[in-house]
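Asks: Make a model of this:
(chains A, B, C, D, E and F)
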Protein chains: 4
Amino acid sequence: MSRQPDPNRRSEQARQAILSAAADLCAEVGFAATTVEAIAARAGVGKQTIYRWWPSKAAVLLEHMQRARETSADFPDTGDIRADLLAQTTAVEALFASHSGAIWRGLLIAAQSDDIAADGVRALLEKAVTDATKRLSTAQVNGELRADADLDMAVEIIYGPLYHHWLLRARPVPNGYMKEILNVVFDGLNPRRH
Amino acid sequence: MSRQPDPNRRSEQARQAILSAAADLCAEVGFAATTVEAIAARAGVGKQTIYRWWPSKAAVLLEHMQRARETSADFPDTGDIRADLLAQTTAVEALFASHSGAIWRGLLIAAQSDDIAADGVRALLEKAVTDATKRLSTAQVNGELRADADLDMAVEIIYGPLYHHWLLRARPVPNGYMKEILNVVFDGLNPRRH
Amino acid sequence: MSRQPDPNRRSEQARQAILSAAADLCAEVGFAATTVEAIAARAGVGKQTIYRWWPSKAAVLLEHMQRARETSADFPDTGDIRADLLAQTTAVEALFASHSGAIWRGLLIAAQSDDIAADGVRALLEKAVTDATKRLSTAQVNGELRADADLDMAVEIIYGPLYHHWLLRARPVPNGYMKEILNVVFDGLNPRRH
Amino acid sequence: MSRQPDPNRRSEQARQAILSAAADLCAEVGFAATTVEAIAARAGVGKQTIYRWWPSKAAVLLEHMQRARETSADFPDTGDIRADLLAQTTAVEALFASHSGAIWRGLLIAAQSDDIAADGVRALLEKAVTDATKRLSTAQVNGELRADADLDMAVEIIYGPLYHHWLLRARPVPNGYMKEILNVVFDGLNPRRH
DNA sequence: TGCTAACCGAGACGGTACGTCGCGTCTTGTT
DNA sequence: AACAAGACGCGACGTACCGTCTCGGTTAGCA
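Replies: Numbers count the residues shown, from 1 in each chain, chains lettered A, B, ... in the order given. Prediction:
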């Protein structure tokens, strides 16, 4: 039976140093080379201090990601769903291109083999999906979307291409990418009727 | 100066044993636990025989994937683009659910930190994108698609959601998923005009 | 720049287990089969723990030998040089026949290709030579030896035959061997004058 | 059941190349680094050609040593045993300092763990001992040696110091070393009576 | 003179051990 | 008691040689 550490005695300094070191390393040398040993060395911290508070390196990066997420704004609601989606996805694009992008990429990888990472990633992802779904729901009520649209699926149609491009094809997202995607998503690929 | 071995003297038996062992292990214990050591043991082969012909375990699995790909049929062309896309994406769904799905998942992960894997994955992915783009191009010429549609982007709109669902949200793809996605992709999310 | 570990944090338990395992293995399966891997397995220790403190298996066995040497008594000095030499060489005979003999044999081998082993073996050998030389020097002063005898050479005449017999000819040392050798060494091979 | 190769079809060229390569390597990089692969590469020969005719690298070097031995002169017999021993041991000193010395050193090592090498070394060693014993026997009959001297032991007293110095203490044998040794061996360490 | 069996070079093969890296745990003072 | 430091048992890494095996290509002897 493992001992639970006392959060009150926790060193905030060490916590910050670890989170920063992990994030910096992930951005500089990539997720695979961001080992617990390297984080500890860079943070000037004992390995035990990491393992005491986080179950794995993915958990550290996850906390970093969650904090970044918390500070980010809510899903915008100007009344214009396409404008709001464009604003939101543009923010996501910016995140992908930033240091946090490297971390998020690492977490998505870790989630494939690490259950804890998978849970955290799922939570973040579901939160994002839920936020988007809510906004889409409002739009649907307002008649901006087809009434029979499956909104969870709609979210995947909107964000799927972006992930496909950035994560799988490993390409920088070009300017106007999401604008174009949203055009298709809303207007469809069918030839316009006139 | 490193020597590369003579492919003529290569043992086809060992090759097959290695590819099979790697694929089986990946399906049974996952990509992370599919170590070169385990592959060698399972294939009844020396580790050196693996390293002689492949630079990493990802390269082994990549070859397995490439072979699977080669044997798969071309993109269908019945003249009905939506039916063809549905057939093709259904085949992809089946692949994702099969043993090859576990391997492909592992390769997509490996590609994030292993340049060789990244090159191989890119090649497979670009091949798939090109095939789809060609079929879409025919459809576009035939007036089945908007003339101004960016086809590379269209491919991402079609496959992106599937990957988002299967890989990132780690959910089994439900029946009719791609049918629904294709409905949106072609008809758009906008309310229908009567 | 390589880091050397902190001896204060060293596990005495692991140290003893390694030294014992190495000695036992050397006695049981011989020096060649006494691999670092086998020592680690037998000692219930990680290979790294061996490599952390010793540069090679020879160094481990060397330490074992040095410890055995430290606990052994000094060169005897009863005033009778021939009796003292007989006592000392008899002790060496016993060592050769014991487990330590197998280890010492292995070290003499290793010293031929491993510089670290060579240094250690040299040190042990020179210590033994020096001890013997000192005792012989006393005897020389007391008139028990020719005044012009080269004592370092005398030591080799005394111990050389023993090593020749045991190590090179690989024969068990028969009873009374050294007594006979000492007879010749002191009285010479020349016919006795009456 | 293993096939015996036909000695008539043996390539003398390969034989010589292997023997030379092995000897050169042993002299240049030492016995430990003289691997079968290195010998084969240097001799421009397949590994199988070595294994077909010799059971191990030690056997190759043994053959080299045996050939060197055959060409060497017999034990000299001028009627003066001390002069003859000095001549013979001087020749041995020269051998130790030559390339053959490195090989012989390697064989003495190999003999400790390789039964085939041990047999070969034993044979060479016993041959040398027998030769020396015979010469000593003649001297004993002639009254040059004490009648009760054990001649096998006498051989070890003569050669033991030389091996101790060269092999174990790994020191070059200084000029006049054996002359001095022989003085002690014949005259003894006892103070001279006057 | 053409056949065929054996040796040849080359080097791939199944293995064993190497020495290193990072894991996650445990231990030792310090603060 | 949490901390930094880092030693520990462990498992996999990628490499070096081992001794065996399989390939063509020469190279004898026998037909």
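Asks: ok, and the helix or strand in chain A with the lowest average confidence?
Replies: helix A:57-71 (a mean of 90; mean pLDDT, DSSP states H and E).
Asks: Can that helix be said to contact DNA strand E?
Replies: Yes: on the criterion CB under 7 Å from any atom of the strand, helix A:57-71 is in touch with DNA strand E at A:Lys57. Backbone N, C-alpha and C define where each C-beta goes, glycine included.
Asks: buried stuff in that helix?
Replies: A:57-65, A:68 (16 or more other CB atoms under 10 Å in any protein chain shown).
Asks: same deal with stretch A:185-194?
Replies: A:185-186, A:188-189.
Asks: Max pairwise distance over these: which two?
Replies: In the buried residues of stretch A:185-194, the most distant members under the criterion CB to CB are A:Phe186 and A:Leu189, with 11.2 Å between them.
Asks: Before we move on, what's the pLDDT of the closest residue to DNA strand F within chain A?
Replies: Of all residues in chain A, the one sitting closest to DNA strand F is A:Gly46 (2.7 Å; CB to the nearest atom of the strand). As predicted, A:Gly46 sits at a pLDDT of 95.
Asks: One more: A:Met1?
Replies: Predicted confidence (pLDDT) for A:Met1: 40.
Asks: Please list the residues of chain A that sit near DNA strand E.
Replies: Counting by CB under 7 Å from any atom of the strand, chain A sits next to DNA strand E at A:33, A:35-38, A:47-48, A:51, A:56-57.
Asks: can you pick the most crowded of the residues you listed?
Replies: In terms of neighbours by other CB atoms under 10 Å in any protein chain shown, the residues of chain A next to DNA strand E top out with A:Lys57 at 25 neighbours.
Asks: do the helix or strand hosting A:Gly106 and chain B meet at all?
Replies: A:Gly106 is located in helix A:99-110, with elements delineated by DSSP states H and E. Yes: contact of helix A:99-110 with chain B (CB under 8 Å from any CB of the partner chain) involves A:105-106, A:108-109.
Asks: Generate JSON lines for those, with distance to DNA strand F as supplementary columns.
Replies: Conversion of these to JSON lines gives the following (distance: CB to the nearest atom of the strand, whole Å):
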{"residue": "A:Arg105", "distance to DNA strand F": "21"}
{"residue": "A:Gly106", "distance to DNA strand F": "19"}
{"residue": "A:Leu108", "distance to DNA strand F": "22"}
{"residue": "A:Ile109", "distance to DNA strand F": "17"}
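Asks: Among these, which ones lie close to chain C?
Replies: Of those, not one also sits near chain C (CB under 8 Å from any CB).
Asks: which of these tops the neighbour count?
Replies: A:Gly106 (25 neighbours).
Asks: mind listing what's buried in stretch A:25-42?
Replies: A:25-27, A:31, A:34, A:36, A:39-40, A:42.
Asks: Which one of those residues is nearest to chain D?
Replies: A:Val36 (38.8 Å; CB to the nearest CB).
Asks: Next one: that closest one from A:Trp54, what distance?
Replies: 9 Å (CB to CB, to the nearest Å).
Asks: what's the answer for A:Thr34, then?
Replies: 13 Å.
Asks: same thing with A:Lys127?
Replies: 20 Å.
Asks: average pLDDT across the helix ranked longest in chain A?
Replies: Of all segments of type helix in chain A, defined using DSSP state H, the longest is helix A:115-141. What helix A:115-141 shows for mean pLDDT is 94.
Asks: could you say what helices and strands that helix packs with?
Replies: In terms of contacts (3 or more CB pairs under 8 Å, 6 or more residues apart in numbering or on different chains; DSSP states H and E), helix A:115-141 is packed against helix A:57-71, helix A:81-97, helix A:99-110, helix A:151-163.
Asks: What is the first one packed up against?
Replies: Packed against helix A:57-71, as judged by 3+ CB pairs under 8 Å, 6+ apart, are the following elements: helix A:12-29, helix A:36-43, helix A:99-110, helix A:115-141.
Asks: when you compare where that helix runs with where helix A:81-97 runs, what's the angle?
Replies: 140 degrees (axes from the mean of the first three to the mean of the last three CA atoms, to 10 degrees).
Asks: buried ones in stretch A:143-156?
Replies: A:144-146, A:149-151, A:153-156.
Asks: Is it in proximity to chain B?
Replies: Yes: contact of stretch A:143-156 with chain B (CB under 8 Å from any CB) involves A:143-147, A:149-150, A:153-154, A:156.
Asks: related to what we said a few turns ago, which one of the buried residues of stretch A:25-42 is nearest chain B?
Replies: A:Phe31 (6.6 Å).
Asks: List the residues that contact the closest residue to the closest one other than its chain neighbours.
Replies: Excluding its sequence neighbours, the residue lying closest to A:Phe31 (CB to CB, 6 or more residues apart in numbering or on different chains) is A:Gly106, at 2.9 Å. Residues in contact with A:Gly106 (CB atoms under 8 Å, 6 or more residues apart in numbering or on different chains) are A:26, A:30-31, A:34, A:58, A:61, B:112.
Asks: rerun that using 10 Å as the cut-off
Replies: A:22, A:26-27, A:30-32, A:34, A:57-58, A:61-62, A:65, A:117, B:112-113 (CB atoms under 10 Å, 6 or more residues apart in numbering or on different chains).
Asks: mind checking how far it is from A:Ser100?
Replies: 10 Å.
Asks: Mutual contacts of the two, please.
Replies: A:26-27, A:61, A:65.
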